[in-house]
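Peer 1: no FASTA, just this:
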């Protein structure tokens, strides 16, 4: 499939204005090294485009990454405390070690209740939210991470700065 099956809504984690001419959706995995590379790239892209770009991140934890699911649940826990993007960034900056002890440390650094995070992970409180993103990715044809959609269309070129900038510019001026 080459189109985003689940449209972006206000329930998505988004940075940038909703009326931006281009929306870039990433399906990502916090433990994926390629997603870590993409994290730095996306920050540069966001700086380049400013308010002409809305960036949306959706969870797509891969089974081969043993810490990815809990990392995604931790991001959703942070979102419930209005700190999704702070946790998102922290997870990528610490992706070499995403064991639960690290997740709790990151929560504490962000002044989130670590004991509540432990309970949420034990009770699988945010699994449904992560699964919703994941299932939407499957319906959209996501097969690995990172996978990008520009204005709802699958982006299949290399995720390199110049190539991605060109694709976003083309989407902004169809």
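Peer 2: Received the coordinates, thanks. Computed from a predicted structure; not experimentally measured. Numbering: from 1, shown residues only.
Peer 1: please make it C-alpha for all contacts and neighbour counts, starting now.
Peer 2: Will do.
Peer 1: any low-confidence regions in this protein?
Peer 2: Low-confidence segments of the chain (pLDDT under 70): 1.
Peer 1: quick one: residue 165 and residue 44 touch, right?
Peer 2: No: between residue 165 and residue 44 there is no contact under CA atoms under 8 Å: 9.9 Å.
Peer 1: quick check on these two: which one has the bigger neighbour count.
Peer 2: Counted by other CA atoms under 10 Å, residue 165 and residue 44 do not tie: residue 165 has more neighbours, with 17 against 14.
Peer 1: how about the longest helix seen in the chain: buried residues?
Peer 2: Secondary structure of the chain read by DSSP state H shows that its longest helix is helix 33-49. Going by neighbour count (16 or more other CA atoms under 10 Å), the buried part of helix 33-49 is 35-36, 38-39, 41-42, 45-46, 49.
Peer 1: next one: the residue most central in space within the chain from residue 86, what distance?
Peer 2: Closest to where the C-alpha atoms of the chain average out (CA atoms, centre = their mean) is residue 57, at 3.0 Å. For residue 57, the distance to residue 86 (CA to CA, to the nearest Å) stands at 13 Å.
Peer 1: and what of residue 149?
Peer 2: Residue 149 is 23 Å from residue 86, by CA to CA.
Peer 1: was I right to think the residue nearest to the centre of the chain contacts residue 9?
Peer 2: No: the pair residue 57 and residue 9 does not pass the contact test of CA under 8 Å, sitting 11.8 Å apart.
Peer 1: what residues do the two have in common as contacts?
Peer 2: Shared contacts of residue 57 and residue 9, defined by CA atoms under 8 Å, 6 or more residues apart in numbering, are absent.
Peer 1: which residue ranges of this protein form helices?
Peer 2: With DSSP H applied, the chain shows helices at 33-49, 68-80, 84-93, 100-109, 114-123, 127-140, 161-172, listed in chain order.
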